[in-house]
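In: this one's structure only:
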């Protein structure tokens, strides 16, 4: 058997799938009534709390119990097998579940007493990136292949966490509750991307695995159904391609803008202390930089525009904010500013050297700490009558050393071991303890003091 034949044999799915069971499982999960309604509402509240307090474990737990994945995969299945009734049912249930989710999260954020000074996780659900597209698409592939597999595993739970359908809906509710249209639209856009690419992945796998197509006895009805499915599939695919293209375009611009700022941080006696990027659909993206220090001259601005061209950005896409700058024509002032910058750099270097020195000292101190607890346990195994052990590092100075000429007097380093026992130790035991502690603690001298 050739290499490629071997690879095909390993990767073949047909021997490990059950399309009938998979189809029945997807259809069963489309239904939205009874317990599913309450489970969804509870999961949304849990996810909203997690987003509110920036608790990732809470968000993960909410995503695991959410039933949102069912209708989305139902749409992909319906498109793949040409079933308009199933498509209508799945689409309707998805809209209802989405509406309930947004209402529940809005209700929570209206009543929530918690503060949102730094809503890190909420902000992360309003700015889709190309990674969200990849996660949704390949997460959808993983889920539909898992459902088709004869022996089920834990892939569905993992994909439910990765694709993150619930957090955008919670963020949309927060946008409504706080009156932030930008939050609401950004979250809805991310939810749309996730849903569309999961459905698209399901559709592609259903077609690839040749699920049984729904046929009608009436040829005219068959043609009508085929047209409806075709139109809906096109409506599903075209926006997804456009969304993916826009996300890739915005992501590329963000990376280019970041590199541009890093390479042009200092501009003469000025510097870029902050920047933001803005994207507005069909209009060109914009990079807005904030300048501190001396105001940019016309020549400085022209040089920035010339450098922008090398990054594929036009001068019209650059906004310069110079609110934090000042204008000066005095050479003495320029020299003073230069001196201040140089002094700041020197001060930073001194602090870095001091921090490095302190870290070295701390490391040296920690290296000299004794494993007192472990040593005590080992001694107790040999001498059960020991009641306590105290270890200390110090220096001994003999009185005879004091009278020596300058430079000849010295202190002897040693380790002091204070051992208290229930019954007195023999002199031979004390000598053995001294030698044992010298080897165990890797020191040259150990002084033992015993007592009861």
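Out: Perfect, thanks for sending it. Quick caveat, the model's predicted, so the values are computed rather than measured.
In: all helices of the stretch 351-452 of the chain, in order?
Out: 372-382, 399-402, 427-441 (DSSP state H, counting those that start in this stretch).
In: give the other helices and strands that the longest one contacts.
Out: It stands for helix 427-441. Applying 3 or more C-beta pairs under 8 Å, 6 or more residues apart in numbering; DSSP states H and E, we find helix 427-441 packed against helix 372-382, strand 412-421, strand 446-451. From N, CA and C alone the C-beta is placed, and that goes for glycine too.
In: try 6 Å this time
Out: In terms of contacts (3 or more C-beta pairs under 6 Å, 6 or more residues apart in numbering; DSSP states H and E), helix 427-441 is packed against strand 446-451.
In: the strand it packs on pairs with which strands?
Out: strand 412-421 (parallel) (DSSP bridges).
In: now the helices of the stretch 351-452 of the chain in JSON lines, with distance to residue 452, mean neighbour count and mean pLDDT?
Out: Formatted as JSON lines, those follow (distance: least, C-beta to C-beta, whole Å; neighbours: other C-beta atoms under 10 Å; pLDDT from 0 to 100):
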{"stretch": "helix 372-382", "distance to residue 452": "16", "mean neighbour count": "13", "mean pLDDT": "82"}
{"stretch": "helix 399-402", "distance to residue 452": "29", "mean neighbour count": "9", "mean pLDDT": "66"}
{"stretch": "helix 427-441", "distance to residue 452": "14", "mean neighbour count": "14", "mean pLDDT": "83"}
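In: mind putting those in CSV, distance to residue 70 included?
Out: Output for those, formatted as CSV (distance: least, C-beta to C-beta, whole Å):
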stretch, distance to residue 70
helix 372-382, 55
helix 399-402, 86
helix 427-441, 64
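In: buried ones in the helix or strand where residue 271 lies, by neighbour count?
Out: Under the criterion of DSSP states H and E, residue 271 resides in strand 270-280. With burial defined by 16 or more other C-beta atoms under 10 Å, the residues of strand 270-280 counted as buried are 270, 272, 279.
In: show me what the mean pLDDT comes to for whatever helix or strand residue 206 lives in.
Out: Following DSSP H and E, one finds residue 206 within helix 181-208. The average pLDDT within helix 181-208 is 84.
In: just name whatever secondary elements it is in contact with.
Out: helix 69-81, helix 130-148, helix 166-178, helix 219-263.
In: report all helices and strands that the third one contacts.
Out: In terms of contacts (3+ C-beta pairs under 6 Å, 6+ apart), helix 166-178 is packed against helix 35-52, helix 84-111, helix 181-208.
In: what's the most buried one of those helices?
Out: Among the helices and strands packed on helix 166-178, the stretch with the highest mean neighbour count (mean count of other C-beta atoms under 10 Å) is helix 181-208, at a mean of 21.
In: low-scoring stretches of the stretch 101-250 of the chain, by residue?
Out: Across the stretch 101-250 of the chain, residues meeting the criterion (pLDDT under 70) sit at 113-130, 151-164, 216-218, 221-222, 225, 236-237, 239-240, 243.
In: swap the cut-off to 80 and go again
Out: By pLDDT under 80, the low-scoring segments of the stretch 101-250 of the chain are 112-133, 150-165, 182-183, 214-248.
In: would you turn the buried residues of strand 270-280 into TSV with distance to residue 207?
Out: Putting those into TSV (distance: C-beta to C-beta, whole Å) gives the following:
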residue	distance to residue 207
270	58
272	50
279	34
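In: picking that back up, tabulate the helices and strands packed on helix 181-208 (CSV), appending distance to residue 207.
Out: Formatted as CSV, these follow (distance: least, C-beta to C-beta, whole Å):
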stretch, distance to residue 207
helix 69-81, 5
helix 130-148, 11
helix 166-178, 28
helix 219-263, 10
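In: switch the ones you listed over to JSON lines; also include distance to residue 415 and mean neighbour count.
Out: Compiled in JSON lines, these are given as follows (distance: least, C-beta to C-beta, whole Å; neighbours: other C-beta atoms under 10 Å):
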{"stretch": "helix 69-81", "distance to residue 415": "64", "mean neighbour count": "26"}
{"stretch": "helix 130-148", "distance to residue 415": "56", "mean neighbour count": "21"}
{"stretch": "helix 166-178", "distance to residue 415": "57", "mean neighbour count": "26"}
{"stretch": "helix 219-263", "distance to residue 415": "53", "mean neighbour count": "14"}
